[in-house]
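> Turn this into a model:
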Amino acid sequence: MKYIIRIYLPVLLLAFSISAGAQKKPNVLFIAIDDLNNDLGTYGSSLVKSPNIDRLAARGVRFDRAYTQYPLCSPSRSSMLTGYRPDVTRIYDLHTHFRSILPDVVTLPQLYKQHGYESIRIGKIFHYGVPAQIGTNGMDDSLSWSRVINPRGRDKTEEHKVVNYTPARGLGAALAFYASEGEDSEQTDGLIADEAIKVLEEKKDGPFFLAVGFFRPHTPYIAPKKYFDLYDLDDIPIAGNLEEDLADIPPVALFTRPSNWGLSTDKLKEAKRAYYATISFMDAQVGKLLDALDRLQLANNTVVVLWSDHGYNVSEHGQWMKQSLFEKSARVPLIIAAPGGAKGKASGRTVELLDIYPTLAELSQLKTPRPVDGSSLVPLLKNPAAKWSKPALTQVRRSADTTGRSIRTERWRYTEWADGKAGVELYDHDKDAGEITNLAKDPAYAKQVKELAALLRKSFVK
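Here you go, the predicted structure:
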């Protein structure tokens with residue numbers, strides 16, 4: 001009995017602090033960011049300017065080792081919002097809707113809707129084709145929402161002004177950018193923030209589950225010019241030493257071919273500066289939401305979650321965007337500020353986007369309709385260094401018979417392609433955070449390979 005009390009006491013204290021402190025159901029502000037990596041001030045970047053996401057981190061717990069289940073928009077969002085791993089949802093592309101596979105599944109926002117919450121979506125939560133479907137419902141799920149709002153700004157109408165350095169690729173997968181004139185509120189993400197503030201004002205007596213989905217920094221990288229002016233091209237780093245770096249990487253691991261799509265360093269710097277400019281623009285919109293929470297005195301009874309659907313390569317290993325199993329693509333920013341939880345703390349435990357569903361359900365004292373694949377992070381919200389042994393799993397498909405599966409512990413990343421037949425990777429993050437040296441074939445690490453291979457096979461759903 002003493003063991004049970006010791007393990008669950010933090011959970012009970014956190015749930016109690018929410019209900020006792022506010023005497024009503026906690027609201028949820030659910031902030032989804034499209035294609036955002038961890039190049040943020042709060043995660044250690046000295047270059048990227050993200051003061052408002054940094055401010056949110058100071059209010060809650062920043063997860064330093066959080067990972068997507070699949071580094072592509074629809075598979076990732078379908079997994080997290082249903083609570084099931086990709087091998088259960090069977091969503092591996094951008095065209096299949098999860099309800100065609102799981103027609104009766106209860107999504108995270110749907111759970112709140114079923115329990116009397118106003119469940120409202122503004123912008124991209126489930127998958128959208130970006131930029132083509134901006135201003136529409138995209139591949140939304142009507143069962144999840146009480147109300148939806150689909151803003152469309154001048155970034156959509158000004159697409160003809162975009163500079164595209166990879167014209168053979170569709171605009172939503174191109175290195176393309178535009179420094180726009182005008183104000184934040186004319187851009188789609190600015191309109192999304194403004195609409196969200198209206199909802200906060202209207203629904204301040206709650207309870208609400210307000211999902212705010214920003215489109216940037218997803219390409220095309222469009223933002224007002226003032227955000228481009230924050231960055232000097234001379235300060236933008238591009239990864240080098242590619243020949244040495246790629247020598248021990250299985251070819252199947254590489255999504256961007258040829259490396260950097262054959263572009264010059266000058267063009268790569270321009271594209272990366274544009275990506276960072278859109279991060280700073282999106283960050284400013286997050287700041288408007290935080291200001292509104294404070295002004296309306298909602299912060300003490302609102303759980304705020306900020307997450308990205310996957311990471312994003314910006315020249316590491318010569319790779320760009322997502323669809324790789326390298327750290328830069330698999331790792332995501334995840335910040336949770338919960339009433340009664342720790343403030344301004346970081347957790348180094350390996351967690352997953354899948355963990356958000358059971359975490360929010362527990363914080364709101366809602367029972368999930370069936371077991372989910374994630375684990376509640378409530379113990380880590382109370383004590384970010386709490387005992388935690390669960391690894392993080394990420395996968396991606398190259399073809400019907402070639403899947404890459406990767407497992408991340410606090411020290412190691414181990415990856416198998418086609419069950420190891422197309423290649424194996426092992427990286428020691430204690431010594432090699434950039435994943436430059438693949439140790440999988442080094443006899444000195446045979447024990448680690450054997451142990452992690454067994455853990456990978458045990459962990460993944462087949």
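> Please give me every residue in contact with the residue nearest the centre of the chain.
Centrality entry for the chain: nearest residue to the mean C-alpha point is S308, 1.9 Å, by CA atoms, centre = their mean. Listed by CB atoms under 8 Å, 6 or more residues apart in numbering, the contact set of S308 reads 32-37, 68, 332-334. Bear in mind the C-beta positions are built from the backbone N, C-alpha and C, glycine included.
> Identify the residue nearest it in space, chain neighbours excluded?
Among residues not flanking S308 along the chain, L36 sits closest, at 3.8 Å (CB to CB, 6 or more residues apart in numbering).
> Would you quantify the distance from H95 to R169?
18 Å (CB to CB, to the nearest Å).
> scratch that, R216 is what I was asking about
Separation of R216 from R169 (CB to CB): 18 Å.
> Please apply the same query to I120.
For I120 relative to R169 (CB to CB), the value is 34 Å.
> Those two: who's more crowded?
Using other CB atoms under 10 Å, the more surrounded residue of I120 and R169 is I120, with 23 against 15.
> quick one, what contacts the nearest residue to that one once chain neighbours are set aside?
Using CB to CB, 6+ apart and skipping the chain neighbours, the partner closest in space to I120 is R147 (4.8 Å). Counting by CB under 8 Å, 6+ apart, R147 touches 118-121.
> R147 and Y117, how far apart?
Distance, R147 to Y117, using CB to CB: 12 Å.
> got it, and A274?
Counting by CB to CB, the gap from A274 to Y117 is 37 Å.
> repeat for G311
Distance from G311 to Y117, by CB to CB: 30 Å.
> Looking at these two, which is more packed in?
Shown here are G311 and Y117; by other CB under 10 Å, G311 has more neighbours (27 against 22).
> per-residue confidence at that one?
We have a pLDDT of 98 for G311.
> That one and K226: what is the separation?
26 Å.
> Repeat that for Q69.
36 Å.
> related to what we said a few turns ago, where does the residue nearest to I120 fall, phi/psi-wise?
Backbone torsions of R147, given as degrees, to the nearest 10, read phi -160, psi 140.
> Give me the distance between it and I249.
Distance from R147 to I249, by CB to CB: 47 Å.
> residues of the top helix by length along the chain that come out buried?
Longest helix of the chain, by residue count under DSSP state H: helix 265-295. Across helix 265-295, burial judged by 16 or more other CB atoms under 10 Å covers 267-290, 292-293.
> shaky segments in the stretch 351-462 of the chain?
For the stretch 351-462 of the chain, the stretches flagged by pLDDT under 70 are 461-462.
> hey, where'd the helices end up in it?
356-363, 378-382, 446-459 (DSSP state H, counting those that start in this stretch).
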